[in-house]
Structures are given as C-alpha cells and as structure tokens.
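> build the 3D model from these lines:
(4 chains)
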Number of protein chains: 2
Amino acid sequence: MRPSRKSSNGTTKSLPPERGPLAAVIGGTELQIAYRMGYVLNFYREPSFRRIEMELGLTRPEIVTLIFLNFREGVTASEICEFSGHLKANISRGIIALEKKKLIRRAADKTDSRRQQLFMTAAGRALYARYIPALRERERAMLACLTRAERNEFERLLDKLAAHVPQWAALDEL
Amino acid sequence: MRPSRKSSNGTTKSLPPERGPLAAVIGGTELQIAYRMGYVLNFYREPSFRRIEMELGLTRPEIVTLIFLNFREGVTASEICEFSGHLKANISRGIIALEKKKLIRRAADKTDSRRQQLFMTAAGRALYARYIPALRERERAMLACLTRAERNEFERLLDKLAAHVPQWAALDEL
DNA sequence: ACCAGAAAGTCTCATATGAGACCATCTCGA
DNA sequence: TCGAGATGGTCTCATATGAGACTTTCTGGT
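You can find the predicted model right below:
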C-alpha cells in the first residue's frame, strides 16, 4: 500500500493485548533512524509523485529531471543521476520522453560531444509549475509539527548528513 | 544510477565556472528538506537493498517483511503494508514467495479468517541474520558524522515527524 | 601521437511494481 | 437476522525499473 487513510490500530480486538499503537511499530525496527526517515519520506513523497505520474503522465525520472532543470538549466543526464538516485538508463529514457513531449530541449556540449546540456522549454516550465506547489505544500505539512528552531536544527543536521554522504557512500562494495 | 563512486565535480573543465561542488546542488531544489532526506536516504538504502536483492534473491517486499517479522512475529500483511510503504499486492506476493522458500510460515487468525499471522522460520531468521548487519553498519556510517548529541536530537526530531505523519498523510486526496 | 581505459548516453531484456478488479470474510446498523 | 459496505488477501495486466551490454567520445600515460 502506501499512505493508507485507514489505520488498523485501535479497536481491532483480534490483536494480542500487548500490540501497541503506531508508536510501537514506528521505529520498532533495528534500524531506528533509517527506518524513520524512510517512513516519513514515503508518506511525503509517494502520494505526491503517484499523483503527478497519473495526472500528468510523467514518470519519476521525468519529474525529477524537470525539478533539477528548474534549479539549474544546462545540467546533463549524468549530473541528474548523480543527485537524484536514479539509474542512468532511466534518466536517459526520461530525457528522451521529455524531449519528445517538447518539455525540454537538448544541446550538445561543445567542449565534449558526449554530453548534452538540457534546457526547459516554456511548456516544461508550465508543467513544472503545475505540480510543484503540491509538493511544496506537502513538505510544509510534513514539517508543520516542528517549531521554527527545530526545523532549522533538522535542516542543519540534514545538511551535515548530506555533506558527508561521499565519505561512506563509497562503502558500496563492502 | 545510484550512489556512483565517481562524482563529476572538481576538475571537469568543461563546466561553466559558476558550477559548484556537491553542496551547491544538494538542496538546490526548492524542496530543501524533503530533497535532502531523499538524497541521504537513497545513498543509505539503495545500495544495500540492491545488494540483498541480488545476492540473496529477495525482492524489496520480501526484505522488509522479514525485517518486520523479526521485530514482531505474528503481524499480518496489512500491518506490514501500513508501516512499510509498500502496496498490498506486492507484500502479498512477497509473502507468498517467502512461504514458498520456507522462510516464513502463515497461520490463519482464528478470530478472523481473512487474516493470516506471519511467523519466521529458522531459515528465515538465518537469512535475516545474513543481511541485517550490513544495513546496521551502513546506518552507523551514515550517522557517523554527527556528534552524540546531534544524533539524539536528530532521532528526536524524526520521532516527532513520524508521530505526526497521520495528521497530514490524509491530505492525500488534496 | 597513440592506445587503454573511463565516461556519457542509449538500448535490450527480464523482472518488480502500481493500479485496480476480484473473492471471501467480517462488521454494523436496521 | 439480514444486507450493505468495509477489510484482508490474491490476481491480472500494463508499465517502469534494474542490470548490464554497447557505441561513441574523451582522457591520461607512455
């Protein structure tokens, strides 16, 4: 499933008495922090992305490609891969599809003809503008329970974690 | 791609001068916090999970099912859905596959014959024991850059976020 | 200047996944 | 007690994805 609007907690009489509420399951796993990050993020991301997929007919790689392009025009497929966590085959497919739909435009990089820089078209920008507000709003809702100070601290810690990713991501092979 | 061991930063002379390092891209997106959570989590989770998928021949739903069962035996498919963020069709398939492999065992719930409680077999526990250490280790590596106090604070904030998920997850339909 | 190896991007193939229909069982109100 | 609707779980079908081969272009060492 995904964010189900129905939780099976509460009155379910068939459960053993020691079965607890949400809190007992959230983080019940060994991987306390990782699990919680996934839990929260799933509820944030999945519904929004699925919605975009269905309503606008975009795949996930296409969605994130537009997000990256909005941030910085001229990026290449590999850069999007690098920071989005999608496989290059999928980003490649997404880019091809986006170009076919006239949402982006490709230009060969003059100094390296293997690369192609990507640019949004007006249509691409317009489509982006249609789905980004919901994502923004949902992020806001997700963070609404934090105080201003907590939010800042959370962001600071995430920054720190993100900055250190390269130090352990290389443990890939281990 | 996924955590690529190669980053295209640094000496790439072909890039415009204002193109920055990692930090300039991470969080460059509008969705500052959500993006960073996804970024960090991807690098944590994807490589490990892919590894498990390939080496042990498990699908993601199967992996998380074992994780949940290790936490609490007797849970049902819906409960795993509820907290894992996987669709019930996939968890169902995973459970069927796990049973076929003798890694779990199913028992009809006596008070509600629609439900089936799930239990690990010895083989299931053994398999779980083979992959969980890497996940634990990787979580540790991910958090290694935080001080003890920061780590605690991060966990506290995540708890708070997780606890409040139900309050905004219902915004699904909006 | 050349060659071995890396990198960018595309393609193919098998598989995992999402959406939603479907069946059986349960719950709750009339 | 009955029937409508909810819920647990399975299934089917189309599609998105992961793995990895492949082509072309670039790089760095000799």
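> buried residues in the strand or helix carrying residue A:136?
Element membership for residue A:136, per DSSP states H and E: helix A:122-143. By 16 or more other Cβ atoms under 10 Å in any protein chain shown, the buried positions in helix A:122-143 come out as A:124, A:127-128, A:131-132, A:134-135, A:138-139, A:141-143. C-beta: built from backbone N, CA, C; applies to glycine.
> now the biggest helix by length in chain A: how far from the chain's centre is it?
In chain A, assigned by DSSP state H, the helix with the most residues is helix A:32-56. In terms of Cα atoms, centre = their mean, to the nearest Å, the centre of helix A:32-56 is found 7 Å from the chain centre.
> repeat for stretch A:76-88
13 Å.
> buried set for it?
Neighbour counts over stretch A:76-88 (16+ other Cβ under 10 Å) mark A:76-86, A:88 as buried.
> tell me the residue of chain A that sits nearest DNA strand C?
Using Cβ to the nearest atom of the strand, the closest approach of chain A to DNA strand C is made by residue A:89 at 2.9 Å.
> who in chain A is up against DNA strand C?
Taking Cβ under 7 Å from any atom of the strand as the contact definition, chain A meets DNA strand C at A:2, A:11, A:13-14, A:50, A:53-54, A:76-78, A:88-89, A:92-93, A:95-96, A:112, A:114-116.
> which of those fall in helices?
A:50, A:53-54, A:77-78, A:88-89, A:92-93, A:95-96.
> of all the buried residues of stretch A:76-88, which comes closest to DNA strand D?
Minimum distance to DNA strand D across the buried residues of stretch A:76-88 is 5.7 Å, recorded for residue A:86 (Cβ to the nearest atom of the strand).
> SS state for the closest one?
coil (DSSP: H, G, I helix; E, B strand; the rest coil).
> that one - nearest residue in space that isn't next to it in sequence?
residue A:61 (5.1 Å; Cβ to Cβ, 6 or more residues apart in numbering or on different chains).
> against residue A:109, how distant is that neighbour?
For residue A:61, the distance to residue A:109 (Cβ to Cβ, to the nearest Å) stands at 20 Å.
> the two: which has the busier surroundings?
Using other Cβ atoms under 10 Å in any protein chain shown as the criterion, residue A:61 and residue A:109 rank with residue A:61 on top: 24 against 15.
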